[in-house]
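Colleague: How does the following fold in three dimensions:
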Amino acid sequence: MSQITPYNNTESKKEQVAQMFDNIAFRYDFLNSLLSLGIHKGWRKKCIKLIADKQPKYILDVATGTGDFAIAAMKLNPTKVIGIDISEGMMKFGREKLQKLHLDKTITLQYGDAETCDLADNSMDAITVGFGVRNFENLEKGLTNMLRILKPGGQLCVLEFSSPQQFPVKQFYKFHFKYITPTLGRMFSKDTRAYTYLPESIKAFPDNERFTAILEKVGYKNATFSSVGLGLAAIYLAEK
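Modeller: You can find the predicted model right below:
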């Protein structure tokens, strides 16, 4: 995967991504809903339904951001949900949401990333990642470490943007990301790069069959994907 970074400076991708999300954290939830028209909430619900059959009790949410995926996982009545992220700014707003919802005893947000997370081997029933894998500095290393953390039979569920190929979705997608997304991003977040990095990172991400092939390569079993939003995103499911 091409190494696309937010700011093209000398810092590592991980450092740049953390800086970017710290910069936009105060507007992230608002812009996320505005730019996606709220559709992403339904996609997360689909992910939760996919992992519900195995009734996971211990769940890790990677790249948790403001905690939306971790909160959605409460539908599964888990014993514990741990959310990790490299942006303290994003988690600050996430912790405030958890307190308001009285979920801060079940859900814990802490600093960490997929590549270096030191949770115990075979300790999680399920791992979720919402719109985060394309930001990994080393994709295969992150996926391999998550595999280590999963219990045998445990599931990985990844929700990630993809590049639609069908007319007219492809044309709308290009127009939206070329003009609407950067304009609204600049207006509301004041970070001129964050919302131009978004389409660049999506374009560089090995989506659909390419990603399931990587999952199988690093050791996951039964890796599948299903497109959502007419190809705007995909849900990937794999198990240990």
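Colleague: remind me, longest helix of this protein?
Modeller: When the chain is parsed with DSSP state H, its longest helix is helix 13-36.
Colleague: what pLDDT, on average, does the longest strand seen in the chain get?
Modeller: Assignment by DSSP state E gives strand 150-161 as the longest strand of the chain. Strand 150-161 shows a mean pLDDT of 97.
Colleague: I'd like the next helix or strand past the longest helix of the chain.
Modeller: Counting by DSSP states H and E, the element after helix 13-36 in chain order, helix or strand, is helix 39-51.
Colleague: Can you list the neighbours in contact with that next one?
Modeller: Outside helix 39-51, the residues that touch it by Cβ atoms under 8 Å, 6 or more residues apart in numbering are 32-33, 68-69, 72-73, 75-76, 126, 128, 130-131, 155, 157, 159, 228-229, 232-233, 235, 237. No exception for glycine: its C-beta is placed from N, CA and C like everyone else's.
Colleague: and after it, which helix or strand comes next?
Modeller: strand 58-62.
Colleague: Show me what that following strand is in contact with.
Modeller: The contact list for strand 58-62, computed with Cβ under 8 Å, 6+ apart, reads 67, 69-70, 73, 76, 78-84, 113-114, 117, 119, 123-130, 132, 142, 146, 149.
Colleague: just the buried members of those?
Modeller: 67, 69-70, 73, 76, 78, 81-84, 113-114, 117, 119, 124-130, 132, 142, 146, 149 (16 or more other Cβ atoms under 10 Å).
Colleague: what is the orientation angle of the lowest-mean-pLDDT helix or strand in the chain with helix 13-36?
Modeller: When each helix and strand of the chain is scored by mean pLDDT, DSSP states H and E, helix 181-189 comes last, with a mean of 79. Per axes from the mean of the first three to the mean of the last three Cα atoms, to 10 degrees, the angle that helix 181-189 makes with helix 13-36 is 100 degrees.
Colleague: Relative to the whole chain's centre, how far out is helix 181-189?
Modeller: The chain centroid and the centroid of helix 181-189 are separated by 21 Å under Cα atoms, centre = their mean, to the nearest Å.
Colleague: Point out the other helices and strands that that helix packs with.
Modeller: Contacts defined by 3 or more Cβ pairs under 8 Å, 6 or more residues apart in numbering; DSSP states H and E place helix 181-189 against helix 13-36, helix 194-204.
Colleague: Go through the longest one and flag the buried ones.
Modeller: Of all the residues in helix 13-36, those buried under the rule 16+ other Cβ under 10 Å are 13-25, 27-29, 31-32, 35-36.
Colleague: now the angle between strand 150-161 and it, please.
Modeller: Angle of helix 13-36 versus strand 150-161, following the same axes, to 10 degrees, is 60 degrees.
Colleague: in this protein, which ranges drop under the pLDDT threshold?
Modeller: Where the chain drops to pLDDT under 70, the residues are 1-2, 34-37.
Colleague: can you do 90?
Modeller: Counting by pLDDT under 90, the chain contains low-confidence ranges at 1-4, 6-10, 26-40, 163-200, 202, 229-232.
Colleague: Narrow the contacts of helix 39-51 to those in strands?
Modeller: Among those, the residues falling in strands (DSSP E) are 126, 128, 130, 155, 157, 159, 228, 233, 235, 237.
Colleague: For the residues you listed, give me TSV that also has distance to residue 173.
Modeller: Shown next, in TSV, are the ones in strands among the contacts of helix 39-51 (distance: Cβ to Cβ, whole Å):
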residue	distance to residue 173
126	30
128	24
130	19
155	29
157	23
159	17
228	14
233	11
235	18
237	24
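Colleague: what's the closest of those to residue 92?
Modeller: Closest approach between those and residue 92, by Cβ to Cβ: residue 130, at 18.2 Å.
Colleague: Quick check: the gap between residue 75 and residue 201.
Modeller: According to Cβ to Cβ, to the nearest Å, residue 75 and residue 201 sit 29 Å apart.
Colleague: Thanks again, I'm all set now.
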